[in-house]
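requesting a structural model of the entry that follows:
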Amino acid sequence: MAMTRQRLEFTRLSEAECLSILERNHLGRMAFTFHDRVDIRPLNFVSGGDWLFGRTSPGEKLETTYHHRWVAFQVDEVTDPTNWVSVVVRGAFHLLAEQGSEEHRTLLKRAREAVEGWDPLAFTDRDPAPFRTELFGVAVQEISGRRARLVPADG
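Numbers count the residues shown, from 1 in each chain. Predicted structure coming up:
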């Protein structure tokens, strides 16, 4: 039996494809920088179209993003080394709290509703992660994605 030759093909994803990938995933990695140090952390999130929302615990990443709020957020779907998609969002990280402008409080409400829609136990007495007390949003200012897959070598 003859084997068909294949080659690895990389393509850009449309904005709609990127948003679809964000909507069906809830774990990503956020990269942030402060001075000469770059860090990356896994975070649960919920896509809100032009925002990514989530909750996290107080700590170093919040301290860092308070001083430098520009972040990159990456989500991957990997079937195998030759079949994957990856989406990167760049934007500003916002810690959401009750105080602030009306616009800020509206965004906080959106974030809370998005998180509760994905995890109905969030903020209840049965919350599996009650230590995640801080709601955040990442404003989607740039979005891009790539796909890798095997295609016939002659196609």
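
need the contact partners of the longest helix seen in the chain.
Longest helix of the chain, by residue count under DSSP state H: helix 102-118. For helix 102-118, the surrounding residues in contact (Cβ atoms under 8 Å, 6 or more residues apart in numbering) are 26, 46, 48, 51, 53-55, 94, 96-98, 100, 122-123, 135-137. No exception for glycine: its C-beta is placed from N, CA and C like everyone else's.

select only the buried ones of these in PyMOL?
PyMOL command restricting the contacts of helix 102-118 to the buried ones, with burial defined by 16 or more other Cβ atoms under 10 Å:
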select buried, resi 46+48+51+53+54+55+94+96+122+135+136+137
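
just the contacts of helix 102-118: which are in strands?
Cross-referencing those against strands under DSSP state E gives 46, 51, 53-55, 94, 96, 135-137.

now, the most widely separated pair of those?
Val46 and His94 (14.6 Å; Cβ to Cβ).

extract the C-alpha set from the helix or strand of the chain with the lowest mean pLDDT and format it as PDB.
Of all helical and strand segments in the chain, the minimum by mean pLDDT, DSSP states H and E falls on helix 60-67, at a mean of 75. Extracted in PDB, the C-alpha atoms of helix 60-67 (Å, rounded to 0.1, in the frame of the first residue of the first chain):
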ATOM      1  CA  GLU A  60       2.100  38.600  42.400                       C
ATOM      2  CA  LYS A  61       0.400  38.700  39.000                       C
ATOM      3  CA  LEU A  62      -2.100  41.300  40.200                       C
ATOM      4  CA  GLU A  63       0.700  43.400  41.700                       C
ATOM      5  CA  THR A  64       2.600  43.200  38.500                       C
ATOM      6  CA  THR A  65      -0.400  44.000  36.200                       C
ATOM      7  CA  TYR A  66      -1.300  46.900  38.400                       C
ATOM      8  CA  HIS A  67       2.000  48.500  37.300                       C
END
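
and whichever helix or strand comes after it, which residues are buried?
Later in the chain than helix 60-67, the nearest helix or strand by DSSP states H and E is strand 70-80. Buried residues in strand 70-80, counted by 16+ other Cβ under 10 Å: 71-73, 75.
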